[in-house]
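Trainee: Give me a model of this one.
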Amino acid sequence: MSTARRNLGTPRQVLTNSFVIPKLPQTEYWQYEAITGAVGAPKNPRRRIEIVERLQNHTNPKLFTPRCIYDGTAIMYSTRELPLAGGDSQTFDVNMSDKPRVDGSAPTRGVLQVSLRKVSAETINFSELQAFIDGRQRKQTPQVLTAINVLQLIIRQAPNLKYPNNTRAFFTKDAGIQGLGGGLELWRGYFQSVRPTNGKVLVNIDVSTAVMFKEGSFQSVALAVLKQNDVRALDLRPDSAQFRQLKSFFKNVFVTLDHRPGLKRIRGLVHNAGNYQFDNTTVKDYFKKAYGRQLAYPNIIGIQVGSKERDEVIPAELCKIAPDQRYTRKLPPEFSAPMVKFSSKNPEDRLALISAGINNSITADQRSALDYQNSPFMQDAGFTVLPEPISVNGRVLPTPSIYYGNPANSRPVLPRNGAWNMIDQSFHEPKSLTAWAIVNYTRVNDNTIHRFVGTLINACKKLDVSPPAASQSGSGASSVVKDLRSIGQHVSDKTGRLPELILAILPTSSADIYSAIKQFGDVHVGVPTQCVRENKIERANEQYCANLGMKINAKLGGVNALPRSGALEKLTSAPFMIMGADVGHPAPGMKNQPSVASLVWSYDRYAARYEAMMSVQHPRQEKIDELRSLVYRAINEFGDRVRSPPARIILFRDGLSEGEYSMVGKDEIEDIEGAIEDIWREKKLKVDKPELTFIVVGKRHHVRFFPKNRGEGDRSGNCPAGFVADNGVGNPAVRDFYLQSHGGLLGTSRPSHYITLRDDIYKNNTDDLQELAFTLCHAYARATRSVSIPAPIVCSRGAFHFNPAMGYEAATVSSDEDFFDLERWRKNFKDRHSNLAKKMHFM
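Mentor: Residues are numbered from 1 along each chain as shown. The predicted structure follows:
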């Protein structure tokens, strides 16, 4: 955490969702490697936890008293040295069934092996962590990290054994539940994370939401997925879309059976299951003979369980979806709105829910959900968590001024609550729009389009918008290229030049058309495109059209407004570049698809104009492989445009987790230095190399701030835009701060976490760095609101640059998941068209 100067802004004390561990454990821990399933290794962490719990509670409870904590992967910690049969190691046979084994027999089905091995003779204690938070030790050593990890496991162990979880958060109906439809429901739960700060160790607690499979009969859930009521709708052929939909939905879901105990995992579905033949009989005859069960619906689907070698078909009517199963795939778009509504809680309600998780008796056994006071693992360790959220001292930064028109002779607009109005303002640098066209892919009639165009022209007087030169209807995604080439030719015939913009009117659901249009404009011909939904067109007003005008002006190469502040003015004394870097990954469940890295960089005096470039790399890899070449290209193009190399470079890096700061951050800083070295050498530049400031901007965290009283919040109940905290919740090992740069709209605002990994420019001047970050959050060209992260980071266009034949946005499963053909993806990826240089087409 920074000890640098922090004076800028108005002091403000707030509450945060962090709770103090008043005293660290005095207990020592021995570390063991725990390998589960030497016979039949399970991949699921929850299954491994069940095996280790069975080992401790049933196989050898005397040895494992007090109980050990287990991370669900490979590490176990014990408060005493275990007397293992082999000294430092032992292998156990764990019978997962309650049926007794025959003595002397070989391991049977249901018996798994767990091997334990002591990792080191040295025990784990918390003395270095204590020295770290006390300031007697500045580095976050491996011993400190291990101590934090052990604390985290101790705190999470009891609820994770009791409730469904993703290891970091657990979920319980007692905290809140809501039906979602389609065989799914939403459960509320609690996230927990141990975080060190100056003088103390905190537990960050937040409410969290999980999508769960709805418990109940397989038939009723299957009908809910298909949106049907009659069970005969489950009489499906294998080649039908509904059969494939159900097969995908239920794959690997666990069921219980009416006719015998046990839990089975669905491997596949079978049509006409009652008449499925095996061993000279049918499923319906087998169940009648073996269990006396007459099938009511022999013609509907059934489930396949077991292995390919021991295939077993069970009728759907005898199956129930087992409880407590998380749905971990990409949520269908139709459920996004109810998910957001359920997850969003205003600050007052959110903090109340968090406090209830610690203090209220909401469970069936009249305990709190977190139940710290009764956790045997916390009792063994000898520590607790205080039930009151801590207060932190922060500041509300001064708001930057927004200049429209000519800054020399115009009055600035001052944002309030993170927003401002541009009524009666003219763009700083407007572009005219005289050669443009409309393509209509909907049934919106010509009168509605004519009214919309009139409103747009009137709202965009600042832009000098002429009526469209051409207009025509489009057929669908397959005709996009033909449609846009045709309309482009009409515009050229009428005006003597290519279109400056193509505006497309799209149906409410039209991802395929949208993608085809963006690829045509961004990659193939280099024409800015603007898509609008039919429901927006039909009720378009001045405000909507004015917002549309901001997007259009930026895409044409104009500048809407200039946010200005003292920190930004100081930068303008010499040429500088603001860069933003991020990596976009495939959606959950999508395999064998690449990640796309992007670099955005400014090339004007006030950091209002940006260019973007991208590169393709291995799936879910966070380090940007080609950062050196991307930065080289950016500096080279900057020099060509500004006629001078940059004297300062400030890069905001999105997406790095805490565990990636030291390695990925270090490697990327070296790549940037390498790019600078390359271009200075090749261009034979004599001026000094640029100073570099490299800042990670994190959004995937659970720290939240809450006004102490309603009068200190904005209209949504959140802390005001510009609230910054750099004391009380930061990490002692890094220079960091939390900045809530945007006004609240829905729920509790999430501040962004800024971690400075390299700072040649500001050094100990934290005030200027914070003010610059806040200023750049007002530079998003398509909005009259500040955003949650600096504008240069906001760019995501990779999907439109792939050859559609690659199926980038379709879920795929590789037949050989260890092999990924990166070169094939790179060959089928094209950069933006050269015609779009100096135009922010990605807005």
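Trainee: what's the burial count for the closest residue to residue 260 other than its chain neighbours?
Mentor: Nearest residue to residue 260, sequence neighbours excluded (C-beta to C-beta, 6 or more residues apart in numbering): residue 291, at 7.9 Å. Any C-beta I mention is one placed from the backbone N, CA and C, and that applies to glycine too. Residue 291 has 12 neighbours, counted by other C-beta atoms under 10 Å.
Trainee: How about residue 493?
Mentor: 10.
Trainee: What distance do you get for it to residue 487?
Mentor: Distance of residue 493 to residue 487, computed by C-beta to C-beta, to the nearest Å: 11 Å.
Trainee: for residue 681, same thing?
Mentor: With C-beta to C-beta as the criterion, residue 681 and residue 487 are 48 Å apart.
Trainee: Which one's more surrounded, those two?
Mentor: Using other C-beta under 10 Å as the criterion, residue 681 and residue 487 rank with residue 487 on top: 23 against 9.
Trainee: The more buried one: what's it in contact with?
Mentor: Applying C-beta atoms under 8 Å, 6 or more residues apart in numbering to residue 487 gives the contacts 437, 439, 470-472, 499, 502.
Trainee: Pull out the buried residues from the residues you listed.
Mentor: 437, 439, 470-471, 499, 502 (16 or more other C-beta atoms under 10 Å).
Trainee: where along the stretch 51-200 of the chain do the strands fall?
Mentor: Using DSSP state E, counting those that start in this stretch, the strands found in the stretch 51-200 of the chain span residues 69-70, 75-78, 89-95, 111-118, 169-171, 177-181, 184-197, 200-213.
Trainee: Likewise for the stretch 301-450 of the chain?
Mentor: With strands called from DSSP E, counting those that start in this stretch, the stretch 301-450 of the chain shows them at 302-306, 311-315, 319-321, 391-396, 401-403, 436-440.
Trainee: which residue is nearest the middle of this structure?
Mentor: residue 700 (6.7 Å; C-alpha atoms, centre = their mean).
Trainee: Give me the distance between it and residue 144.
Mentor: Using C-beta to C-beta, one gets 22 Å for the distance from residue 700 to residue 144.
Trainee: do residue 767 as well
Mentor: Residue 767 is 29 Å from residue 144, where distance means C-beta to C-beta.
Trainee: Tell me the backbone dihedrals of the residue nearest to the centre of the chain, please.
Mentor: The phi and psi values for residue 700, taken as degrees, to the nearest 10, are phi -90, psi 70.
Trainee: so who does it touch?
Mentor: Residue 700 sits next to residue 657 when contact means C-beta under 8 Å, 6+ apart.
Trainee: swap the cut-off to 10 Å and go again
Mentor: For residue 700, the contacting residues are 654-658, 750, 753, by C-beta atoms under 10 Å, 6 or more residues apart in numbering.
Trainee: Could I get the full set of helices for the stretch 401-550 of the chain?
Mentor: Secondary structure of the stretch 401-550 of the chain by DSSP state H, counting those that start in this stretch: the helices cover 446-459, 480-495, 511-519, 534-538, 542-555.
Trainee: Now do the buried residues in the shortest one.
Mentor: If you call a residue buried by 16+ other C-beta under 10 Å, then helix 534-538 has these buried ones: 534, 536-537.
Trainee: Which strands or helices does the helix ranked longest in the chain pack on?
Mentor: Using DSSP state H, we find that the single longest helix of the chain is helix 142-162. Packed against helix 142-162 by the contact rule (3 or more C-beta pairs under 10 Å, 6 or more residues apart in numbering; DSSP states H and E) you find helix 45-54, strand 69-70, strand 75-78, helix 127-134, strand 169-171, strand 184-197, strand 200-213, helix 376-381.
Trainee: wait, which of these is closest to residue 353?
Mentor: For residue 353, the closest of the helices and strands packed on helix 142-162 is strand 200-213, at 4.9 Å, according to C-beta to C-beta.
Trainee: Which elements pack onto that closest one?
Mentor: So strand 200-213, by 3+ C-beta pairs under 10 Å, 6+ apart, packs with strand 18-21, helix 127-134, helix 142-162, strand 169-171, strand 177-181, strand 184-197, helix 336-343, helix 347-359.
Trainee: Which positions within the fifth one qualify as buried?
Mentor: When neighbours are counted by 16+ other C-beta under 10 Å, the buried residues of strand 177-181 are found to be residue 180.
Trainee: Let me see the residues that make contact with the lowest-mean-pLDDT helix or strand in the chain.
Mentor: In the chain, the helix or strand scored least confidently by mean pLDDT, DSSP states H and E is helix 45-54, which has a mean of 88. Helix 45-54 is contacted from outside by 34-37, 41-42, 44, 59, 64, 67-74, 76, 92, 94-97, 112-114, 116, 157, 160-161, 164-167, 324-326, using C-beta under 10 Å, 6+ apart.
Trainee: As a markdown table, the helices and strands packed on helix 142-162 with mean neighbour count and distance to residue 801 would be great.
Mentor: As requested, these are exported to a markdown table (neighbours: other C-beta atoms under 10 Å; distance: least, C-beta to C-beta, whole Å):
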| stretch | mean neighbour count | distance to residue 801 |
| --- | --- | --- |
| helix 45-54 | 19 | 36 |
| strand 69-70 | 26 | 44 |
| strand 75-78 | 22 | 42 |
| helix 127-134 | 18 | 45 |
| strand 169-171 | 25 | 35 |
| strand 184-197 | 21 | 33 |
| strand 200-213 | 21 | 31 |
| helix 376-381 | 18 | 50 |
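Trainee: Nearest to residue 561, out of these?
Mentor: Nearest of these (C-beta to C-beta): strand 200-213, 35.2 Å.
Trainee: ok now that closest one, how far from the chain's centre?
Mentor: 15 Å (C-alpha atoms, centre = their mean, to the nearest Å).
Trainee: Hmm, residue 580 and residue 613 touching each other?
Mentor: No - using C-beta atoms under 10 Å, residue 613 makes no contact with residue 580, being 11.5 Å away.
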